[in-house]
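**Student:** I need the structure of the sequence given here:
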Amino acid sequence: MAFVGKLAYLALVPGLLFVYLAGLGAKGLLWGLSGVITGGSPHGPALGLPGVLRLLTAGCVPTGGALSAVMWLAPPVMVFALSWVSCMLFGVLEGDLALMFSLLLLSSAAAVLICFSSPNPRVRQNAPSETAALLGWAVPLALVIAGASLRTGEVTVAGLIDWQAVNGGLIWSLEGGGALAVVGTAMTFTAAILCALLLMRLRPLGRGMFSEAPAGIAHEITGPPLALLRVAETASLAVVPLLLIVLFLAGPASNWYEVAFWLLKVLGLLLLLGIVDILSARARSDRILRWSLGAGGGLALAGLVLIWLGVS
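**Tutor:** Below is the predicted model:
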């Protein structure tokens, strides 16, 4: 019965619907926060469920070149990769940390493939920055995940959550390496925040979820593929904070008061990331590799070394 339930979860995608709706809520929160801080009028989500349904039933403009195949394959790959990640984060689907990382990598690689396959030169010119963004979060996040696994001795998502349920959140627990490992974990958490900005397409590193440049990755896509692409982008606003909470802040829980505390952690992370995005409105994002690999990768590597020294 458990297997049938998991199969239905993946086949009918209620998990993705959940993270998409949660992403819409996150997008609305970030829009409202932007309006309050900047003094403008708050805006709602750019593409809600009715808009997605209209796109799913709309016609798709024929496109020549390799994009004619990629435009139909890449967005669903992004959607289902994030859906499986959400399954793992909530314990509906078992999997290890390497599989979760690979699925995130697959989702971002699909977006890069759209740029490289486009017959439009204005879209293709974004391919280097999309590739830089992928490398910018993938390398530091791999080090971050390695640090979490090294400190806890766990290689599965469920094992990492269970370890924190016993010993406390990774970022404040003294178990597994003592104070030296806690300092290293704080450094990897800072690197993970930079990775989150890239994965959620928030400024200064992520080119702006709410101010996408002309001829972005969605420029050549219409109809159902565009709907799925927007679903994936919106779902990432919910999936990425959940990932950080699982890695560092003890993950989800079952008791109502623990669920309430978990929601507060999600809101806190969203507010933190939203404030960084707002304060970076005028920042340049053309040095993705320098800041993400230099700052994020450097912090993640230094944190990993401290964790290794603490546990050895």
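**Student:** from Leu73, how far off is the residue nearest the centre of the chain?
**Tutor:** Nearest to the geometric centre of the chain sits Val240, at 3.3 Å (CA atoms, centre = their mean). Taking CB to CB, to the nearest Å as the measure, Val240 falls 23 Å from Leu73. C-beta coordinates here come from the backbone N, C-alpha and C atoms, glycine included.
**Student:** follow-up on the earlier one: next one: the residue nearest to the centre of the chain from Ser107, what distance?
**Tutor:** 11 Å.
**Student:** where does the closest residue to Ile245 other than its chain neighbours fall, secondary structure wise?
**Tutor:** Spatial nearest neighbour of Ile245, excluding adjacent residues (CB to CB, 6 or more residues apart in numbering): Lys265 at 5.4 Å. Applying DSSP states H and E as the criterion places Lys265 in helix 256-279.
**Student:** before we move on, what about Ala186?
**Tutor:** helix 178-199.
**Student:** output stretch 91-107 as PDB - backbone C-alpha positions only.
**Tutor:** This file holds the C-alpha atoms of stretch 91-107, laid out as PDB (Å, rounded to 0.1, in the frame of the first residue of the first chain):
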ATOM      1  CA  GLY A  91       9.900  11.600   3.200                       C
ATOM      2  CA  VAL A  92       7.400  10.400   0.700                       C
ATOM      3  CA  LEU A  93      10.100   9.000  -1.500                       C
ATOM      4  CA  GLU A  94      13.300   7.500  -0.100                       C
ATOM      5  CA  GLY A  95      16.600   8.600  -1.600                       C
ATOM      6  CA  ASP A  96      20.100   9.700  -0.800                       C
ATOM      7  CA  LEU A  97      21.600  13.200  -0.800                       C
ATOM      8  CA  ALA A  98      23.500  12.500  -4.100                       C
ATOM      9  CA  LEU A  99      20.200  11.700  -5.800                       C
ATOM     10  CA  MET A 100      18.600  14.800  -4.500                       C
ATOM     11  CA  PHE A 101      21.500  16.900  -5.700                       C
ATOM     12  CA  SER A 102      21.400  15.200  -9.100                       C
ATOM     13  CA  LEU A 103      17.800  16.000  -9.600                       C
ATOM     14  CA  LEU A 104      18.400  19.600  -8.800                       C
ATOM     15  CA  LEU A 105      21.300  19.600 -11.300                       C
ATOM     16  CA  LEU A 106      19.000  18.000 -13.900                       C
ATOM     17  CA  SER A 107      16.400  20.700 -13.500                       C
END
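**Student:** and Arg122, how far from Gly28?
**Tutor:** Counting by CB to CB, the gap from Arg122 to Gly28 is 30 Å.
**Student:** these two - which one has more neighbours?
**Tutor:** The residue with more neighbours, out of Arg122 and Gly28, is Gly28; 17 against 13, by other CB atoms under 10 Å.
**Student:** tally of neighbours for Asp141?
**Tutor:** Slight slip there: residue 141 is Leu, not Asp. Leu141 has 26 nearby residues by other CB under 10 Å.
**Student:** low-confidence bits of the stretch 151-300 of the chain, can you list those?
**Tutor:** 206-220, 254, 256, 281-287 (pLDDT under 70).
**Student:** moving C-terminal from the helix holding Ala186, which element do we reach first?
**Tutor:** Remark: after helix 178-199, the chain's next helix or strand is helix 223-248, criterion DSSP H and E.
**Student:** in the strand or helix carrying Ala111, what's buried?
**Tutor:** If you go by DSSP H and E, Ala111 is part of helix 97-117. The neighbour-count check on helix 97-117 (16 or more other CB atoms under 10 Å) flags 97, 99-101, 103-117 as buried.
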